[in-house]
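**Student:** Next input, structure requested:
(one chain, ligands or ions: 1)
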Amino acid sequence: MRERSLRQANWVGHVLAVNAPPPLRHWLTAGGSLTAKLKSHADTFRVQVLHQHVATCLSDEARAIGLHRPGRVWEREVLLRCDNAPVVFAHTVVPMSADATDWPLFSALGERSLGTTLFGDPRVTRGTLEYARLRASHPLALRARAALAAEDHAALEEQLLYARRCLYRRRQGTLLVTEVFLPRVTRLVPRTSNTRET
Ligand SMILES: C=C(O[C@@H]1C=C(C(=O)O)C=C[C@H]1O)C(=O)O
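**Tutor:** Numbering: from 1, shown residues only. This is a model prediction of the structure:
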């Protein structure tokens, strides 16, 4: 049982329950598109796709997407970069039961932000945000660390990672987005000019 708990996070409905550092709180609780918020804090913004493939969902996300046990999903993982700094590791899963009409743009997203397809579609409904503090042993913490270059590893070792997740629905489909906030997100400051997408 202990082994399993090390791989799971305790997802809660209120950000104060995870005791996130104050500089992270407005990122964790931000409404609307995270992409839009990040773009307003950078001169350049980029979605670095790590992979998009069939996988087995994580043990602490199966129930959230309506599965009784971890099952096959479409999985997309990306790093969101502001001025080339990795600031968010994002993990999205869609149950294989979904068909192409549920998420018509998901499979061909490439380096376009998922957010631009979710927040622009009146058929998409957004659930409530959940929050968690990720142990270094959590699969998403391990994957975020693996995705970063060595120069960022030191920052990760010093601190816990804070994440949020949200369930989106469209027609009969569900889609779960989990965003792991990386330490460098707290260095971002609002920009007044428009951001170039690179
Ligand atoms: C859901 C959004 O899309 C963002 C972009 C993602 C992607 O391209 O895979 C994943 C999670 C989000 O951080 C958003 O912008 O709010």
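**Student:** In this structure Cys82 contacts Thr44, no?
**Tutor:** Yes. Using CB atoms under 8 Å, Cys82 makes contact with Thr44 at a distance of 7.3 Å. Where C-beta positions appear, they are placed from N, C-alpha and C, glycine not excepted.
**Student:** These two: who's more crowded?
**Tutor:** For the pair Cys82 and Thr44, the greater number of neighbours falls to Cys82 (23 against 14), based on other CB atoms under 10 Å.
**Student:** pLDDT weak spots in this protein?
**Tutor:** 1-5, 151, 154-155, 158, 193-198 (pLDDT under 70).
**Student:** can you pull out the strands in it?
**Tutor:** Counting by DSSP state E, the segments of the chain that form strands are 44-56, 72-82, 85-95, 125-126, 130-134, 161-170, 173-181, 196-197.
**Student:** Val15: which of these is closest?
**Tutor:** strand 130-134 (5.1 Å; CB to CB).
**Student:** Contact partners for the closest residue to the ligand within the chain?
**Tutor:** Scanning the chain for proximity to the ligand using CB to the nearest ligand atom identifies Gly115 as nearest, at 2.1 Å. Gly115 sits next to 33-36 when contact means CB atoms under 8 Å, 6 or more residues apart in numbering.
**Student:** hmm, 10 Å instead?
**Tutor:** By CB atoms under 10 Å, 6 or more residues apart in numbering, the residues touching Gly115 are 32-39, 47, 80, 90, 177.
**Student:** likewise Leu58?
**Tutor:** Per CB under 10 Å, 6+ apart, neighbours of Leu58: 7-9, 64, 70, 73, 75, 91, 93, 138-140, 143, 176, 178.
**Student:** Just the buried ones from those, in PyMOL syntax?
**Tutor:** Applying 16 or more other CB atoms under 10 Å to those, the buried members can be selected in PyMOL as follows:
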select buried, resi 8+9+64+73+75+91+93+138+139+140+143+176+178
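**Student:** rewinding a little: which one of the strands of the chain lies nearest to His14?
**Tutor:** Using CB to CB, those put strand 130-134 closest to His14, at 7.3 Å.
**Student:** Contact partners for the most centrally placed residue in the chain?
**Tutor:** Nearest residue to the geometric centre of the chain (CA atoms, centre = their mean): Glu179, 2.2 Å. By CB under 10 Å, 6+ apart, Glu179 lies in contact with 27-28, 30, 34, 78, 80, 87-92, 129, 140, 162-166, 185.
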